[in-house]
Each structure stands twice: as structure tokens, then as C-alpha cells.
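Peer 1: Provide a 3D model corresponding to the input given below.
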Amino acid sequence: MLCAYRLPKGIAYPKLHDALKVRGFVIYAGQGGLSAELFQISTMGNIHAADIDRLLQGFTELMR
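Peer 2: Predicted structure coming up:
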């Protein structure tokens, strides 16, 4: 499944991408004119609650 989300206020896609990639997550930019507003996450494979917790922790740390 591929879902699109609004970029956090004040965080550009490249910064979000790089911060999550070092934590083992790969996200994708929004398409076309939405690339400055949205990012995409594809949920594939065997995902566990601990994976979601790590993702959310990455967002939390970035927003500080």
C-alpha cells in the first residue's frame, strides 16, 4: 500500500528523507506539484509494532 502524508511544518522533504533513511526507512517525494507538500510511505513486507514505533520515534526526534 502506498500512502501520502503532508510534510511536517518547517521540514523539507530532503531533510525528512535523510533523517528517516539513517533509521532504515525509505520514503518517497510527492508527485509533480505536490512534491513540496507531501511525502509517501509504502508499507510492504512483514511490519511489526516495533517498526512503527521506530518510525514515529524518528519523526519525534526530527521535530525537536
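
Peer 1: so which helix or strand takes in the residue nearest to Leu55 when sequence neighbours are not counted?
Peer 2: Distances taken as C-beta to C-beta, 6 or more residues apart in numbering place Phe25 nearest to Leu55, at 5.9 Å, with adjacent residues excluded. In short, each C-beta sits where N, CA and C put it, glycine included. Phe25 belongs to no helix or strand when assigned by DSSP states H and E.

Peer 1: neighbours of the closest residue to Gly30 other than its chain neighbours, just the number please.
Peer 2: The shortest distance from Gly30 to any non-neighbouring residue, by C-beta to C-beta, 6+ apart, is to Leu38 (3.2 Å). Number of residues near Leu38 (other C-beta atoms under 10 Å) recorded here: 18.

Peer 1: Over to Leu16?
Peer 2: 20.

Peer 1: now swap in the one 3 residues further on and tell me
Peer 2: The number of residues packed around Ala19, counting by other C-beta under 10 Å, is 16.

Peer 1: rewinding a little: so what's the residue nearest to Gly30 bridging to?
Peer 2: Beta-bridge pairing for Leu38 (DSSP bridges): Arg6.

Peer 1: Helices of the protein, start to end?
Peer 2: With DSSP state H, the ranges of helices along the chain come out as 13-21, 49-63.

Peer 1: what's the residue closest to the geometric middle of this protein?
Peer 2: Computing the C-alpha centroid of the chain and ranking residues by C-alpha atoms, centre = their mean puts Ile27 first, at 5.0 Å.

Peer 1: got the contact list for that residue?
Peer 2: Shown in contact with Ile27 (C-beta atoms under 8 Å, 6 or more residues apart in numbering): Leu16, His17, Leu20, Lys21, Phe39, Gln40, Ile41.

Peer 1: related to what we said a few turns ago, please list all residues in contact with the residue nearest to Leu55.
Peer 2: Neighbouring residues of Phe25 by C-beta under 8 Å, 6+ apart: Ile41, Arg54, Leu55, Gly58.

Peer 1: Which residues are in contact with Leu34?
Peer 2: By C-beta under 8 Å, 6+ apart, the contact set of Leu34 is Ala4.
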